[in-house]
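Visitor: give me coordinates for this.
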Amino acid sequence: MATEQQRDEIVALESIFNNEEFSYSENNGQYYYTLKVFISLPIGYYFTYKDTRNPDELVEKVPICHLPPLSLFITLPNDYPSISPPEFTLCCSWLRYSLVKKLCKKLDDLWIDNQGQEILYIWAEFLKNEILEFLGIENDLNIEYAYTCYKMRLEKNQDCNVQSNSSKPCLSVQIADNSCVGAMKSKKYLSKQKLSYKKNPKNKMKDTRDPRAIIDRHMNQNPVQMLNDYNEKRMEIEFKKNFYTCKICFADKSGESCTQFKPCLHVFCKECISGYFEVKIKDGAVQNINCPEEKCTSEALNGQIKDLVSPELFSKYDSTLLNATLATMLDIVHCPRRQCQYPVSKEPNEKMARCPACSYVFCLLCKMVYHGIEPCKLSSANKQELVNTYSEASPEVKLQLEKRYGKQQLIVLVENTMSENWIHNNSHNCPHCNAAIEKSDGCNKMTCGRCNTFFCWTCGVRLDHNNPYVHYRSPDSKCFNKLYLGLIDEEDDDYEDEDEAFDYVYYDEDDEDFLIDFGQQ
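Guide: Okay, the predicted model is just below:
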């Protein structure tokens, strides 16, 4: 049962942290905490990256103000804090595994130094204010390793796509990061080959895994884009919390009542900018609506205009801009609706179009309502017949079918039909949205890429979103201590940090060398 000290600590933490930073749940007298630690970055902080395979490539520097928070999932034993330390899992999306493991060891040391006292606030303060200096990244964050691995995965995927368009199935396979997040795979050919992992004879492989250290990053996620996207999103949140002086009316207003142009960062109140947009639209000056600051060339975004003018005025802006654009474009497609037939601009390599007159969003290939990444719909009765006809047809007949159904659609249809049974037999369905998910590697805590639901790969049960790992720590669970069930035993720290299907990767002396070979069958 929870002690008085534990309840007092909850009250203290709730008074210090906001709801975004701290949350907890209670089950049978035991508390489960989630701490989101937002790291304080110094002014002028930046991250660096380059492809380390190209020694002549220049190092890119990207300034940032915010890093994604660390997630600390905590379970309090009944004898905490008098005897036992908290049980925890530390998740991070931008550090290497070896550094996350180092942080776990530091949290252990802090407990030893403060044994018998409430430790959660001390942990949070260390992670928030001292982590950069402790890890030696107080001036910049180097993500060269993560970026190089991402580029190598991208090249492997491109090679796989090229092979999948040929008559031979792709023999490449993707491997997920050794994070707690499972991966949804695209419905391409998936290899049945086995991977053999060979140790470098120069190094002694030791299983130094710390199951509490988790790299929470999707296998095909660009680390540069991930950091930039989060930084931009967080800056918008912080923008709304502050007050600004409008450069038009000179009134002080909250960020909620203001808008900001990018990349110039000039701030104006929404009331003034709304009037500015209305004048521009009514005058027909809809192309390149610039920031009203003198000599500024930053352009207003479509979403910015839509949020600040009436729906009728935005419709006029949209249609006027379309007509102006049509005069400079050669590729035009008409709205498929018979009662509309409004001319719609067709962008190169784009599969979707939206009619500005009736708002019908349609696929440029089949002219039906837009269906995203899903292939164009064909009747089930004719699908198999079409696949057989196309596969056995002469070049002349294939050309006719491609003109009718679209070449890319037919290629995808043939590929999906060939791999459909294999995918069906090797995937699990999300317990929430029923999306088919295939696991290539990583732990058994999966994340649905469609609805973000956590579930167990082993038993299929839906996991608690606030504390998914209690399913593997509870002795009453049938998956107790099975978080890593089924993983390859011989893995080193940095292989776990960035799983990769490549030939040779050189690590520094703090890491391990390893070789991955594709078995030929």
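
Visitor: Cys459 reaches Phe480, doesn't it?
Guide: No - applying C-beta atoms under 8 Å, one finds Cys459 not in contact with Phe480, separated by 11.1 Å. Any C-beta I mention is one placed from the backbone N, CA and C, and that applies to glycine too.

Visitor: in which helix or strand would I find Lys156?
Guide: helix 144-164 (DSSP states H and E).

Visitor: low-confidence stretches in the stretch 101-250 of the chain?
Guide: 161-207 (pLDDT under 70).

Visitor: all strands of it, in order?
Guide: Listed in chain order, the strands found in the stretch 101-250 of the chain under DSSP state E, counting those that start in this stretch are 140-142, 195-199, 213-215, 243-245.

Visitor: walk me through the domains of the chain.
Guide: Following automatic domain parsing, the chain resolves into domains at 4-142, 226-328, 370-439.

Visitor: hang on, the earlier thing: tell me how far the helix holding Lys156 lies from the chain's centre.
Guide: 17 Å (C-alpha atoms, centre = their mean, to the nearest Å).

Visitor: residues of it that come out buried?
Guide: By 16 or more other C-beta atoms under 10 Å, the buried positions in helix 144-164 come out as 144-153, 156-157, 160, 163-164.

Visitor: and which of those is nearest Asn302?
Guide: Tyr150 (29.8 Å; C-beta to C-beta).

Visitor: contacts only, for the closest one.
Guide: Going by C-beta atoms under 8 Å, 6 or more residues apart in numbering, Tyr150 touches 220-223.

Visitor: can we see that at 7 Å?
Guide: By C-beta atoms under 7 Å, 6 or more residues apart in numbering, the contact list for Tyr150 reads 222-223.

Visitor: hang on, Ser98 in a strand?
Guide: No - looking at Ser98 with DSSP: H, G, I helix; E, B strand; the rest coil, it is helix, so not inside a strand.

Visitor: give me the neighbour count for it.
Guide: Residues near Ser98, counting by other C-beta atoms under 10 Å, number 19.

Visitor: can you tell me how far it is from Leu227?
Guide: Distance, Ser98 to Leu227, by C-beta to C-beta, to the nearest Å: 19 Å.

Visitor: over to Arg234?
Guide: Counting by C-beta to C-beta, the gap from Arg234 to Leu227 is 11 Å.

Visitor: who's more crowded, these two?
Guide: Here Arg234 and Leu227 are compared on neighbour count by other C-beta under 10 Å; more neighbours surround Leu227, at 22 against 17.

Visitor: isn't the more buried one up against Tyr49?
Guide: No - Leu227 lies out of contact with Tyr49 (C-beta atoms under 7 Å); the separation is 9.2 Å.

Visitor: in this protein, which strand is the longest?
Guide: strand 30-37 (DSSP state E).

Visitor: that strand - what's its average pLDDT?
Guide: Per-residue pLDDT over strand 30-37 has a mean of 90.

Visitor: which helices and strands sit right next to that strand?
Guide: strand 22-27, strand 70-75, helix 120-125 (3 or more C-beta pairs under 7 Å, 6 or more residues apart in numbering; DSSP states H and E).

Visitor: gap between the helix or strand just after it and the chain center?
Guide: Later in the chain than strand 30-37, the nearest helix or strand by DSSP H and E is strand 46-49. Mean-position distance between strand 46-49 and its chain equals 19 Å (C-alpha atoms, centre = their mean).

Visitor: what do you get for stretch 105-118?
Guide: On C-alpha atoms, centre = their mean, the centre of stretch 105-118 falls 33 Å from the chain's centre.

Visitor: can you mark which positions in that stretch are buried?
Guide: 106-107, 110-111, 118.

Visitor: what of stretch 64-73?
Guide: Quick answer for stretch 64-73 (16+ other C-beta under 10 Å): 64, 66-73.

Visitor: do the same with stretch 333-350
Guide: Those would be 335-336, 343-345, for stretch 333-350 by 16+ other C-beta under 10 Å.

Visitor: including secondary structure and pLDDT, could these go into JSON lines?
Guide: Output for the buried residues of stretch 333-350, formatted as JSON lines (DSSP: H, G, I helix; E, B strand; the rest coil; pLDDT from 0 to 100):
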{"residue": "Cys335", "secondary structure": "coil", "pLDDT": "88"}
{"residue": "Pro336", "secondary structure": "coil", "pLDDT": "89"}
{"residue": "Pro343", "secondary structure": "strand", "pLDDT": "83"}
{"residue": "Val344", "secondary structure": "strand", "pLDDT": "84"}
{"residue": "Ser345", "secondary structure": "strand", "pLDDT": "78"}
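
Visitor: circling back: rank the domains of the chain by pLDDT, which is bottom?
Guide: domain 370-439 (a mean of 77).
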